[in-house]
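> Sharing a model prediction with you, sequence too.
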Number of protein chains: 2
Amino acid sequence: MNSSTETRRLTAKGRATRDRIVAAAAAVMYDQGVAGTSTEDVLTAAQVSSPSQLYHYFGDKKSLVQAVIEYQTERVLGFQRPLLRRLDSFEALEAWRDAVVQAQHARGCRGGCPIGSLASELSDADPQARTKLAEGYAQWEGAIRDGLASMQERGELDEEADAGDLSLALLTALQGGLLMTQMRRDTLALEAVLNAMIDRIRCHAVG
Amino acid sequence: MNSSTETRRLTAKGRATRDRIVAAAAAVMYDQGVAGTSTEDVLTAAQVSSPSQLYHYFGDKKSLVQAVIEYQTERVLGFQRPLLRRLDSFEALEAWRDAVVQAQHARGCRGGCPIGSLASELSDADPQARTKLAEGYAQWEGAIRDGLASMQERGELDEEADAGDLSLALLTALQGGLLMTQMRRDTLALEAVLNAMIDRIRCHAVG
């Protein structure tokens, strides 16, 4: 984003440093929240000695937060991408549900959704962050919608199914489920809401 | 909570001051997050001049946060209570959905769920807060479950309906919908997920 300020000679090394700062900032902000993360925290986590290096890549905390949102969106969607790319059958929806539930168990049901946590904290306070988060959610929703639309095109869902509404509802249910997992320290609410949504979609199954 | 430290003579006045501090802290924390709220912010908002007054009622920030969680739980459930008390028909479920959606519009789709926002920020960092939040959610879920169980007892839902699973899923869907409302600044996701869940419950309707 601020790469125009870097010289061509520094590009490769600079990019690596920038990436290291973003990954470190994302991890600290995930643990402590954005408001609870100081410049010092980011420098320590990224093993960067001087604040000027941070300011070189990110003029202010808001531009670092923008990069963290991009990073977390790519990480979450990257993890789900193999499943999202072919989310076009009930077996695939169930496999995606299982993978999401399993991922929560793997981290002790802590942390919630890396994107949802940022959305909860930043949506009101930082309009640019909100816009960036909305872009990430739109990608996510689009991937789910594509799968449902494919099922409908193949005649596996009836004509009454609204792929747009159902994909938005499924993503929204997932967000609620991840928040409740974090609060409850178990995946019962996540499983209940994803099962209910998959059952809801199944009401449109043909044959 | 700390009322045992107050003298009997001060009870009425003390209670009023304590309540004013909690309400003010809740409002500031709702706007700025818990981490983004300083003692000074709370004193200013509550129009309390001395930090010692704050410490008199709340030994530390965590005990103030406990009181804020209780306050927000009572406020959210209080607002919904007339509807939650008789959430035992599809008409009542739809009226509850409409009231929730309308409440979001009334505040410009900002802020998200007062309890959910606290859950997102505090669940990992503050175990006591997480316990208190879980108690609030359990009350909320119980009220929804009672209504569905009544419908089932009256034979309006079939025997396959699991009132426990469905109430947990509905509350979880609501949490996702409130987060998405805050992020999107519209209620489309909230409406989509609540409609999908009510439709899901309707699959169990008898007659």
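The structure has been received and is ready for your questions.

> Could you use CA atoms for every contact and neighbour count after this?
Fine.

> Next up, the contacts around the one residue in chain A that gets nearest to chain B.
As assessed by CA to the nearest CA, chain B sits closest to A:Gly176 within chain A, at 3.5 Å. Residues near A:Gly176 by CA atoms under 8 Å, 6 or more residues apart in numbering or on different chains: A:Leu190, B:Thr172, B:Ala173, B:Leu174, B:Gln175, B:Gly176, B:Gly177, B:Leu179.

> and what of A:Gly177?
Here A:Gly177 is in contact with A:Thr187, A:Ala189, A:Leu190, A:Glu191, A:Val193, A:Leu194, B:Thr172, B:Ala173, B:Gly176 (CA under 8 Å, 6+ apart).

> got the domain boundaries for chain A?
A:1-59, A:65-207 (automatic domain parsing).

> hang on, the earlier thing: turn the contacts of A:Gly176 into CSV, including pLDDT.
Formatted as CSV, the contacts of A:Gly176 follow (pLDDT from 0 to 100):
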residue, pLDDT
A:Leu190, 98
B:Thr172, 98
B:Ala173, 98
B:Leu174, 98
B:Gln175, 98
B:Gly176, 98
B:Gly177, 98
B:Leu179, 98
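
> Most neighbours out of the residues you listed, which is it?
Among the contacts of A:Gly176, B:Ala173 has the most neighbours (other CA atoms under 10 Å in any protein chain shown), with 36 neighbours.

> ok, A:Val101 - contacts?
Counted by CA under 8 Å, 6+ apart, A:Val101 has contacts A:Thr187, A:Leu190, A:Glu191.

> tell me the mean pLDDT over the longest helix along chain A?
Using DSSP state H to define each element, chain A has its longest helix at helix A:127-153. Averaged across helix A:127-153, the pLDDT comes to 97.

> before we move on, back to that, and the contacts of A:Gly177, which is closest to A:Gly33?
Ranked by distance to A:Gly33 (CA to CA), those are led by B:Gly176 at 19.0 Å.

> which element is that closest one on?
Here B:Gly176 sits within helix B:163-184, counting by DSSP states H and E.

> hey, C-alpha coordinates of the helix or strand following that helix in PDB?
Per DSSP H and E, the first helix or strand lying C-terminal to helix B:163-184 is helix B:188-202. Extracted in PDB, the C-alpha atoms of helix B:188-202 (Å, rounded to 0.1, in the frame of the first residue of the first chain):
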ATOM      1  CA  LEU B 188     -30.200  -7.500   5.300                       C
ATOM      2  CA  ALA B 189     -27.900 -10.200   6.800                       C
ATOM      3  CA  LEU B 190     -29.800 -10.000  10.100                       C
ATOM      4  CA  GLU B 191     -33.200 -10.400   8.300                       C
ATOM      5  CA  ALA B 192     -31.800 -13.200   6.100                       C
ATOM      6  CA  VAL B 193     -30.500 -15.300   9.000                       C
ATOM      7  CA  LEU B 194     -33.500 -14.800  11.200                       C
ATOM      8  CA  ASN B 195     -35.900 -15.600   8.400                       C
ATOM      9  CA  ALA B 196     -33.900 -18.700   7.600                       C
ATOM     10  CA  MET B 197     -34.000 -19.800  11.200                       C
ATOM     11  CA  ILE B 198     -37.800 -19.200  11.500                       C
ATOM     12  CA  ASP B 199     -38.300 -21.100   8.300                       C
ATOM     13  CA  ARG B 200     -36.200 -23.900   9.700                       C
ATOM     14  CA  ILE B 201     -38.400 -24.000  12.800                       C
ATOM     15  CA  ARG B 202     -41.500 -23.900  10.500                       C
END
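
> check whether helix B:188-202 contacts chain A.
Yes. Helix B:188-202 is in contact with chain A by CA under 8 Å from any CA of the partner chain, via B:Ala189, B:Leu190, B:Ala192, B:Val193, B:Leu194, B:Ala196, B:Met197, B:Asp199, B:Arg200.

> how close does the residue nearest to A:Glu159 when sequence neighbours are not counted get to A:Trp140?
Take A:Glu159 and drop its neighbours on the chain: the residue closest to it by CA to CA, 6 or more residues apart in numbering or on different chains is A:Gln152, 7.1 Å away. Taking CA to CA, to the nearest Å as the measure, A:Gln152 falls 19 Å from A:Trp140.

> for A:Met183, same thing?
In terms of CA to CA, A:Met183 sits 23 Å off from A:Trp140.

> More neighbours: those two, which one.
A:Met183 (29 against 20).

> I figured that one hits B:Ala134, correct?
Yes. Taking CA atoms under 8 Å as the definition, A:Met183 is a contact partner of B:Ala134 at 6.8 Å.

> What pLDDT does the model give A:Ser4?
pLDDT, read off for A:Ser4, is 43.
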